[in-house]
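Peer 1: below is the sequence, then the predicted model.
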Amino acid sequence: MNQDRRGFLKRTGLSAGGLLLTGLTGYASQEQLDQDIEAGLQQGKKRKQRFNMCNYAAPAIPVVRIGFIGMGNRGGWACTRIRNIKNVEIKAICDVREYPVKLHQNNLKKAGWPAAAEYYGKEDSWKALCERNDIDLVYITTPWEYHVPMAVYAMEHGKHVAVEVPAARNLEEAWQLVTTSERTRKHCMQLENCCYDFFETMTIAMAQQGVLGELVHGEGAYIHTLLDGMFRKPKQDEAPQWRWKENQHNGNLYPTHGLGPIAQAMNINRGDQFSYMSSMSSDDFMMKPLADKLAAGDDPWFKPFGNKKYRGNMNTSMIKTHHGKTIMVQHDISSPRPYSRIHALSGTKGYVQKYPEPGKLALGHEWMNESGLKKYEEQYSPELIKHVATAARTVGGHGGMDFIMDWRMIDCLRNGLPLDMDVYDAAAWSAVTPLSIWSVSHRSNSIDFPDFTGGSWKQNKPVDLSLRGGGNTVIQLSV
């Protein structure tokens, strides 16, 4: 390791194989941001891929044994959804708090499931879960700062990993996921549920079959009014708020919901790749005024919110791909706007868009009416969706896409099939955040994307949403 690299590691709190040891927000200074971006880009230029995890079929696991880390809203709901799949065992549940562990242990008992091992009470209780020899998959639904340390530790101990979005907060963390997954040959799948929504999967299939012609442009977003909850005082037994700390960085902090389906439709990392991006944020007209108002009140709990600088209300990032396509990704969680992920694909022969509801389709210059759109949904909904649609709508979870995501992952693991989302997707989609922060802080200058695939994007196969010889994972509805 050369002296420049050693110097970078020393300055930013890294060890040669360690993790970025900064505060919750990931970057302590502008200098550290610049260093992370430069080091991450250089690693992409110098690195040779150790093993290609794209389209990798790990050995089949007939019964998938799962350990859950983080039993808050997302983790508790995931543990509940999984109980609708027969070919799994819930071996362990973990949270730093005792209450949610006991709550979901009791839910397992009520549902007739065997008791799971319990881990709680210590900041590092999750390590013991990862070290167990009777777990195949670690399911991580914790605050963002813990995603990479937990995922890396789990893979190092022989476990496949499913990690909530965003998988990584900076390029160093993204590279940690990539290199660990390749070295251990363990899957690291980002839990991007929006890639399994009904409309999005239909449009991916249409794009792959040429119905829209050559894709030219895509749009995705996360526009979701969360301002009131951002600074809400937690009730008894609730986890403390942490998102307000993440939102002190100015960029696109949550890109993957809108970006994931667009990337799959455009075959990113599978025939094309993100080349470079530019990002711009509005000023903050809402978060700081509210935070300062709360901090000026009588309740000392709100004091830490005040006298801070928060990200701009709306961030718009533009990505150019190697093959000349463009993607717009937006982020706004403070303005009073209707929820939207946008999801638009523009091709030489047609256009699809969802949000505002309902979905819309145009071929040539002709817009489809509701019955026409229904016909295309029946024709182009992938085999995977048709197989589990009824159960997914019954189980629910963002309209059913949460359950589709879980069932698909388990079915692939059980049958030794490649996952639809691999570690390169997790790294590239998550990398939008640090790259956008860098661009915003440099007057929206463009910045390159690292090639996390080591050049294999040129021959990697596109996402295949057929059952691919699987489909034998039994659904047993318990909701």
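Peer 2: The structure has been received and is ready for your questions.

Peer 1: please count neighbours and contacts with C-alpha atoms only from this point.
Peer 2: Noted.

Peer 1: what is the burial count for the nearest residue to Asp292 once chain neighbours are set aside?
Peer 2: With sequence-adjacent residues excluded and distances taken as C-alpha to C-alpha, 6 or more residues apart in numbering, Asp292 is closest to Gly306, at 4.4 Å. With neighbours defined by other C-alpha atoms under 10 Å, the count for Gly306 comes to 16.

Peer 1: name all residues that make contact with His359.
Peer 2: For the record, residue 359 is Gly, not His. 199, 352-353 (C-alpha atoms under 8 Å, 6 or more residues apart in numbering).

Peer 1: ok, now how distant is it from Gln273?
Peer 2: Separation of Gly359 from Gln273 (C-alpha to C-alpha, to the nearest Å): 27 Å.

Peer 1: my guess is Trp144 contacts Pro166. True?
Peer 2: Yes - counting by C-alpha atoms under 8 Å, Trp144 does reach Pro166; the two are 6.9 Å apart.

Peer 1: between those two, who's got more neighbours?
Peer 2: Pro166 (26 against 21).

Peer 1: and that one, its phi and psi?
Peer 2: phi -80, psi 150 (degrees, to the nearest 10).

Peer 1: go ahead and confirm it touches Glu145.
Peer 2: No - Pro166 lies out of contact with Glu145 (C-alpha under 8 Å); the separation is 9.8 Å.

Peer 1: list the contacts for the residue positioned nearest the centre of the chain?
Peer 2: Note on the chain: the residue nearest the mean C-alpha position is Val165, at 2.9 Å, using C-alpha atoms, centre = their mean. Val165 makes contacts with 144, 190-192, 254, 256, 430, as judged by C-alpha under 8 Å, 6+ apart.

Peer 1: with Tyr120 instead?
Peer 2: Contacts of Tyr120 (C-alpha under 8 Å, 6+ apart): 94-98, 101, 126.

Peer 1: relative to Trp113, which of the contacts of Val165 is nearest.
Peer 2: Leu191 (24.2 Å; C-alpha to C-alpha).

Peer 1: the closest one: neighbouring residues, count only.
Peer 2: 25.

Peer 1: what does Cys194 give?
Peer 2: Cys194 has 22 neighbours, counted by other C-alpha under 10 Å.

Peer 1: please apply the same query to Pro356.
Peer 2: Neighbours of Pro356 (other C-alpha under 10 Å): 13.

Peer 1: Asp36 is in what secondary structure piece?
Peer 2: Under the criterion of DSSP states H and E, Asp36 resides in helix 30-46.

Peer 1: packing partners for that helix?
Peer 2: Helix 30-46 sits against helix 3-12, helix 171-184, helix 423-441, with contacts defined as 3 or more C-alpha pairs under 8 Å, 6 or more residues apart in numbering; DSSP states H and E.

Peer 1: from Ile69, how far out is Met401?
Peer 2: From Met401 to Ile69 the distance is 21 Å (C-alpha to C-alpha).

Peer 1: check Cys194 too.
Peer 2: For Cys194 relative to Ile69 (C-alpha to C-alpha), the value is 21 Å.

Peer 1: do a quick rundown of the helices in the stretch 251-400 of the chain.
Peer 2: For the stretch 251-400 of the chain, applying DSSP state H, counting those that start in this stretch gives helices covering 256-265, 287-295, 370-380, 383-395.

Peer 1: do you know which of those lies nearest Val63?
Peer 2: Of the helices of the stretch 251-400 of the chain, the one closest to Val63 (C-alpha to C-alpha) turns out to be helix 383-395, at 19.1 Å.

Peer 1: give the buried residues for that closest one.
Peer 2: Residues of helix 383-395 classed as buried by neighbour count (16 or more other C-alpha atoms under 10 Å): 383-385, 388-389, 391-393, 395.

Peer 1: same question, stretch 226-237
Peer 2: So for stretch 226-237, counting by 16+ other C-alpha under 10 Å, buried means 227, 230-231.

Peer 1: quick one: end-to-end distance for that stretch.
Peer 2: Terminal-residue distance, stretch 226-237 (C-alpha to C-alpha): 21 Å.

Peer 1: what does stretch 339-347 give?
Peer 2: Stretch 339-347 has an end-to-end distance of 25 Å (C-alpha to C-alpha).

Peer 1: how close does Thr179 get to Lys46?
Peer 2: Here Thr179 is placed at a distance of 13 Å from Lys46 (C-alpha to C-alpha).

Peer 1: the two: which has the busier surroundings?
Peer 2: When neighbours are counted by other C-alpha under 10 Å, Thr179 and Lys46 differ, and Thr179 comes out ahead with 18 against 9.

Peer 1: related to what we said a few turns ago, and the contacts of the helix holding Asp36?
Peer 2: Taking C-alpha under 8 Å, 6+ apart as the rule, helix 30-46 contacts 5, 8, 12, 27, 170-172, 175, 434-435, 438, 448-452, 454.

Peer 1: mind checking which of those residues are buried?
Peer 2: Of these, these count as buried by 16+ other C-alpha under 10 Å: 8, 12, 27, 170-172, 175, 434-435, 438, 449-452, 454.

Peer 1: average pLDDT for stretch 180-188?
Peer 2: Mean pLDDT, stretch 180-188: 98.

Peer 1: again, but for stretch 320-340
Peer 2: 97.

Peer 1: OK, contacts around the residue of the chain most remote from its centre?
Peer 2: Taking C-alpha atoms, centre = their mean, the residue of the chain most remote from its mean C-alpha position is Asp298, at 37.8 Å. Taking C-alpha under 8 Å, 6+ apart as the definition of contact, Asp298 has no neighbours.

Peer 1: read off the pLDDT value for it.
Peer 2: Taking Asp298 on its own, its pLDDT is 95.

Peer 1: which strand or helix spans the closest residue to Gly416 other than its chain neighbours?
Peer 2: Using C-alpha to C-alpha, 6+ apart and skipping residues adjacent in sequence, the residue nearest Gly416 is Ala60, 3.9 Å away. Assigned by DSSP H and E, Ala60 falls within no helix or strand.

Peer 1: run a quick neighbour tally on Ala60.
Peer 2: 14.

Peer 1: one more: Ile93?
Peer 2: Ile93, neighbours per other C-alpha under 10 Å, totals 29.

Peer 1: for it, which residues are in contact?
Peer 2: 67-71, 101, 105, 116-119, 129.

Peer 1: ChimeraX command for the buried members of those residues?
Peer 2: Of the contacts of Ile93, the buried ones go into a single ChimeraX selection, burial set by 16+ other C-alpha under 10 Å:
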select :67,68,69,70,71,101,105,116,118,119,129
